[in-house]
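J.: Give me a model of this one.
(chains A, B and C, ligands or ions: 3)
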Amino acid sequence: MSPVPDLIAVVPVRDGQLPAGGLEAISEARGLALVVGTDCVSAAEAARGIARRVFTVEITDVSPAALGRASAEGIKQAASGRSVIVPASPDGRDLAPHLALALGYPLHSGATEIRSNAVYLARQGGLGIAQVRVEGAFIATLQPGIRGVDPVPPVELQVTPLEVTIDSVGHSVVSVEVRPPDASTIDLAEAPRIIGGGAGLVDADRFELLANIAATLDASMGVTRVITDRGWATHERQIGTTGVVVDPRLYIAFGISGAVQHTSGLGQPDHIISVNTDPHCPMMQMADLAIVADANQVLDALASEVALTPVSGS
Amino acid sequence: MSRFDADVIVVGAGPAGSCAALALARAGKNVILVERGPFAGSKNMYGGVVYPRILDELIPHWWETAPVQRWVVRRSTMILSDENAFTIDYRTPSWGEPPYNGATAYRPDFDHWLSQQAVAAGATLVTSTTVTGLLRDPAGRVNGVRTDRPDGDLSAPVVIACDGVNSFLAKEAGLYTATDASNFTVGVKETLSLPRSVIEERFGVRDNHGVDIEILGGTSGVNGGGFIYTNLDTVSLGVVLKLPKLTAQSKRPEEIIAGLKAHPAIAPLVEGATVQEYSAHVIPEAGLSMMPTMVTDGMLVAGDAAALCLAAGIWLEGVNFAMASGMYAGRAAAAALEKGDVSAKGLSGYTDLLENSFVLRDHRKLKNIPGLVLSDRVQSKYPGFVTSVIERVFRVDNPNPKPGLRRIVREERKRAGIGLLDLVRDGWKGMRGFG
Amino acid sequence: MIAVCLKWVQPHGASDDRFAGISAADQSALELTLRTAEARGDEVVAITAGPIGAERALRDALACGAARAVRIDTEAGTSSSSIASALAREVATADIVWCGDYSVDRGTGSVPAFLAARLGVDQALGLIDVEINGNGSQIRAIRRLDGGRREILSVNGRAVLSVEGSTARLRRAALRSVIAADSASIEVRPSEFGGVAEPELVPYRPRARVLPAPAGQSALDRVRMLTDAGGTPSRTETVVLDPPAAARRILDTLREWGYLT
Ligand SMILES: Cc1cc2nc3c(=O)[nH]c(=O)nc-3n(C[C@H](O)[C@H](O)[C@H](O)COP(=O)(O)OP(=O)(O)OC[C@H]3O[C@@H](n4cnc5c(N)ncnc54)[C@H](O)[C@@H]3O)c2cc1C
Ligand SMILES: Cc1cc2nc3c(=O)[nH]c(=O)nc-3n(C[C@H](O)[C@H](O)[C@H](O)COP(=O)(O)OP(=O)(O)OC[C@H]3O[C@@H](n4cnc5c(N)ncnc54)[C@H](O)[C@@H]3O)c2cc1C
Ligand SMILES: Nc1ncnc2c1ncn2[C@@H]1O[C@H](COP(=O)(O)O)[C@@H](O)[C@H]1O
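T.: Ligands and ions are numbered 1, 2, ... in the order given. Here you go, the predicted model:
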C-alpha cells in the first residue's frame, strides 16, 4: 500500500467503550488518535497494543453536534492540518458531518481504503467501489471490519488529555437508555454456523423454510438488509455493519450478493458456501464452494434432502 | 366537467389501450388510462415483432421515435420434420428503410413509448392501479370502474376494456359466450442472449436489420408452431401450443422449447446463447369463432380482450390488431359522445369501423387457417411429407435418373398416409384461406 | 410544518427513469411524516433535490397527502453537504424533518446529519422503531448502535430524524388524489451548487483477508485473536448444478468439512 497522508483517527466513545471499527481507524492512522466523549482514558487504555499516541477530549455533552465541535477544537490544538478518519460506526457516522463542517473539510463517507492521493468508497449498496482523488485535508469514515488492525508494541502508548471547552446547549433529542444486545442477537453474533438469505429469495415464506433448514443443520439464520427492509425478518437477524457483526466458522449464503456492508460484518469464516445465479458477484468470489443455481429451488431440494438424510451436527 | 370523472376510462395500457386513449385525447376528450403495472408494458410479453403500419394514422413518422430493436427485412417460414427442414425465405432491403414494414421491439419499451404518446396528447395515465370491476347505473348501463385503490371508483359515460386476453371486464359485462379452452393456445418464449455480431452473422443481417422466422412442426407432437425473432443482442425463440393437446400429452412447455432448440436446423442459430428470460402467456387464437360482442351500453372491448389476435400459423399478429381496434374504439367512443348517445347503438360505429378495416377482414379471410394449420393432419403428417418430397427432389441418386415429381408426391403421400382427397381438400382450403 | 426529504434514485445499471424510484427508507420516512403531521394537525412538505424525473416521487407524496412539493434542480454529482445546504434552505422552518437512513446509490447516510448541522437542530438517525404520541408532541424512537446494542431516544422539539426501510409501510394513495397529483404544481428552485462528475465505479471485490471487528477483553487478546485468525485461504470452486444436485453437493461438502456426520 502506498504511503497514506498524515492521518489522525477521531473516535467517539461512550463510557470508555470504543465503537465498532475504532481500532481499525486508529491503525489506518498509524496509531495516532483523538478520542472524544466520556471516560476517554479507559478507551485509550483499551487501544493499547494498537494505538501509539492518543489525545483525549473529555466532554459531558455527547450529542453529535457537541462531539463535532469538541473534536474539531482538539484537532486544531493537537493535529492541525491532518486529514481525519472516523470509524463508520453509528456514532462515527453521526459525528463525521459535524466535524467536517466545523473543520471545513470535504467528507468522504464509507471508505474501504485510503491511499496517498485517493480514497476508495463503497457505493451502489456496497456493490461498487468509487475511487475519489483527494488533495488537501479531508475527513473520511472507514467501513468497520474490512481492514483489520496492525499491532504495535503495547509499551509505546502515550496518552495526552486536551483541554477543550464547548458551551453546552439544551437538547430536543435525549438519549433515554442504551440497551445491551438482546438474546436473539447474541445467538447470531456467537453462532459458529450461520445460514444467510438475501434478495435472491423471492418471498417471506422462504425465510421460514430457511430458518427450519438452519435449525436442522444446527445453524442460526442471518439475512441482508434488503430483507429486513422488506420486513421479511427482524433486525436482530441482519448481518453487517449496521446489523449484527458475526464471526461464524461456517457461512452458507443463499441469494446474497456480498455487498461490502454485509460481508464486513461477516468476520472470517473458515468455510463459505454461496448459492447464487450470478457467478461473478462478491459473495461467490469469497466462497470456498460457489454453486450457480436458483437458491429458491435449492432450498426446496435441501428441505426434502435433510428430511430424508438424518443429519446430526458434529 | 359533468358529474363524471372523465369522458372515457380506458382499462389497460397495452397497445390497444394506449391507442384508444391517444385517439380520444386527439379528439379532445378527457380520458383516463388505468394500468395495473408500475408503467405501461412493465409486465407485458409477446413473441417479438410488431407491424405498426396502422400507426401512420395516429403518429406520423412513428418510426423516428418508436423504440425498436431491429427492422424486419427477412421473413422465413420453416417446415420442420424430426430432423429435416424446408424453409421459404423472403428478404427485401426496402423493409429496412422508411416507412418500414415490421420491427422487433421489447414490450416494456414499446408499450411505454406508446402510452407516453397518449399522455403527451393529453390523456391521464394512472399506473399501479388494478381495475377490479365495472360500475353500472340503475338501468344496468356501464358507467365506470372500481379499482383496488382507496376511494377507487371512477365514473365515465364510456369504458373501453383493453385488459388483454381473458378480459374479465368483457366477461363481467357478459360479452363472452362460454369460452372453452380449445380456443386458446399458450405461448411460451425464451429470450436468448448472444453478441450482436454473432446474431448478425448467423442470421445474415447487418446494422439494425433483423429476421422474423415462423415455424411449422418442431413442437414435439403437440399441435402448434414456433417462432424466432432477432433483437439487437438477444434472440426471441418460442412456441405457441394448443392448450388441450398440451395438457393431454402432459408435456411441459420448457421441454418442447428445449426440443425445438435442439433441432438440427435451429441449434446452430442459438448455440451458446444464455437464457435471459423465460415467459409464458395465453393467446386467444380461434379468431372469429370466439370473438365476443364488441359493444354494449357504455362499454367497448378492444385488442386481445376482444380476441382480436391473429395466430394463424405463419401469422402471429396481435399488437397491430390491438392498436387498430383500440384506435377505432377510441374514435367510435368520441363520435358517440358527440352525438350524446353512448348506448350499444350509439357506440355501434365501432363494429362498422372494424368490419371495414383489416381488423375483421383479415380475420374473416383467415378464419379457417388456424383450424387448418393446427389440424392433426397438417401438424403430424404434412411436415414429414413435405420435407421427404423435397429431400427426394433434391437428392442425387445416380446412376438412377431423377424421379418425376408426381411419382414422388404419390409415393410420399401414401407413405405419410395422407389420402389424396384430404390433400386436395386441405390444399384448396389453404388456397381459399390465404388467398 | 413537517418536512420529508426524498431522493430519486435510478437502480444501478438501469437504463432510464422507468425503473427509478425512492428507497424503502424514504417511503417509511414519508409515511412517518404524514403520521406526525396528522397527529399535530400540521401540513407536510415533500422536498427532493434532483432531476425533473424526481417529480414523480413528489407527485406520489402529494397523492399520499403532502400539501406542498418542492424540487431543487441540483446537478448530478452534487456533494452530500451541498445537497444538505440546498435542502436546509427549504426546511428552515420545519419542526421535524424526516429522511431515509441511506440512499441506495450514494448510501452514506450523511445528508441527514449535514442537514441537522446546517439547521442547528438535534438529530436521531438510523431509527428502526418509531412511536409518535397522540398529539405528535413526543416521539420515542429506537436507534441501532454497533454490536447489536440499541439506544432509546426521546424527541421533543425540532429535529432531523432518519429511518430504515422497515419502520413504516407507505400508505396507498387514494385514486382521486393520484389523478389530482398528476396535474398538481410543483415548486422548482434553482441550485447554486455545481456537481462534480461521479467517479467511475469498479465492482467491489472483498480483500483476501477480511478481519472481524475485534471483541476481546484487552487489546492484547484482540491482537492475538486477530493475528492467529488463520482460516483457510479462499480457493473458490464454482459449479453449475441443478437444484437437487446442488442440495446433495452442499450436504456432502458439509460432511467433508466435518459439520455433519
Ligand atoms: C451505509 C450502508 C449500510 C448497510 N448496512 C448493511 C448491513 O449491515 N447488512 C446488509 O446486509 N446490508 C447492508 N446494507 C445494504 C447493502 O449495501 C446491500 O444493499 C445488501 O447487503 C444487499 O443485500 P442482498 O445481497 O440480499 O441483495 P442484492 O444485492 O440485490 O443481491 C441479491 C443477490 O441474489 C442473486 N439472485 C437473484 N435471484 C436469485 C435466485 N433465483 N437464486 C439465487 N440467487 C439469486 C443476485 O444475483 C444477487 O447477487 C447497507 C447499505 C448501506 C449503504
Ligand atoms: C407468446 C406470444 C407471442 C406473441 N407474439 C406476437 C408477435 O410477435 N407479434 C404481435 O403482434 N403479437 C404477438 N402476440 C400477441 C400480442 O401480444 C397481443 O395480441 C397484444 O399484446 C394485445 O394487446 P392488448 O393491448 O390487447 O393486450 P395486452 O398487451 O395484454 O395489454 C393489456 C394491458 O392491460 C393491463 N391490465 C390487464 N388487466 C388489468 C386490470 N384489471 N386493471 C388494469 N390494467 C389491466 C395489463 O397490465 C396490460 O398492460 C403474442 C402473444 C403471445 C402470448
Ligand atoms: N438529493 C436528495 N434529495 C432529497 N433528499 C435527499 C437527497 N439525498 C439524500 N437525501 C435524504 O437523505 C437520506 C440519506 O441519503 P444519503 O445521505 O445520500 O445516504 C435519503 O434517504 C434522503 O431522505
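J.: What parts of the stretch 1-150 of chain C come near ligand 3?
T.: Within reach of ligand 3 by Cβ under 6 Å from any ligand atom, the stretch 1-150 of chain C has these residues: C:5-7, C:23, C:25-26, C:29, C:48-50, C:80, C:83, C:87, C:99-100, C:102-103, C:106-112. Where you see a C-beta, it was placed from the backbone N, CA and C, and this is true even at glycine.
J.: what about 5 Å?
T.: By the rule Cβ under 5 Å from any ligand atom, the part of the stretch 1-150 of chain C lying against ligand 3 is C:5, C:7, C:26, C:48-49, C:83, C:99-100, C:102-103, C:106, C:108-111.
J.: Mind checking which of the residues you listed are in helices?
T.: Using DSSP state H, C:Asp26, C:Ile83, C:Ser110, C:Val111 are the members of these that sit in helices.
J.: Looking at those, spot the one nearest ligand 1.
T.: C:Ser110 (9.6 Å; Cβ to the nearest ligand atom).
J.: how many other residues sit next to the closest one?
T.: 27 (other Cβ atoms under 10 Å in any protein chain shown).
J.: picking up where we left off before, among the ones in helices among the residues of the stretch 1-150 of chain C next to ligand 3, who's most crowded?
T.: Of all these, the most densely surrounded is C:Asp26 (31 neighbours; neighbours counted as other Cβ under 10 Å).
J.: sorry, back to before: which two from the ones in helices among the residues of the stretch 1-150 of chain C next to ligand 3 end up farthest apart in space?
T.: Maximum pairwise distance in those, criterion Cβ to Cβ, is 15.3 Å, between C:Asp26 and C:Ser110.
J.: Check what pLDDT the closest residue to B:Arg141 other than its chain neighbours gets.
T.: Counting by Cβ to Cβ, 6 or more residues apart in numbering or on different chains, B:Arg141 lies nearest to B:Asp297, which is 3.9 Å off, once chain neighbours are set aside. The confidence metric pLDDT takes the value 97 at B:Asp297.
J.: Then B:Ala312?
T.: For B:Ala312, the predicted pLDDT is 66.
J.: same question, C:Asp228
T.: 43.
J.: same deal with A:Arg230?
T.: 87.
J.: which helices and strands does the host helix or strand of A:Leu34 pack with?
T.: Assigned by DSSP states H and E, A:Leu34 belongs to strand A:32-37. Contacts defined by 3 or more Cβ pairs under 8 Å, 6 or more residues apart in numbering or on different chains; DSSP states H and E place strand A:32-37 against strand A:7-13, helix A:22-28, helix A:40-46, strand A:53-58, helix A:64-78.
J.: and the angle for the shortest one with helix A:64-78?
T.: Orientation of strand A:53-58 against helix A:64-78 (axes from the mean of the first three to the mean of the last three Cα atoms, to 10 degrees) gives an angle of 140 degrees.
J.: of the residues of the stretch 1-150 of chain C next to ligand 3, list those near chain A.
T.: C:Arg106, C:Thr108, C:Gly109, C:Ser110 (Cβ under 8 Å from any Cβ of the partner chain).
J.: ok, now how distant is the most centrally placed residue in chain B from ligand 2?
T.: Nearest to the geometric centre of chain B sits B:Gly318, at 2.7 Å (Cα atoms, centre = their mean). Taking Cβ to the nearest ligand atom, to the nearest Å as the criterion, B:Gly318 is separated from ligand 2 by 2 Å.
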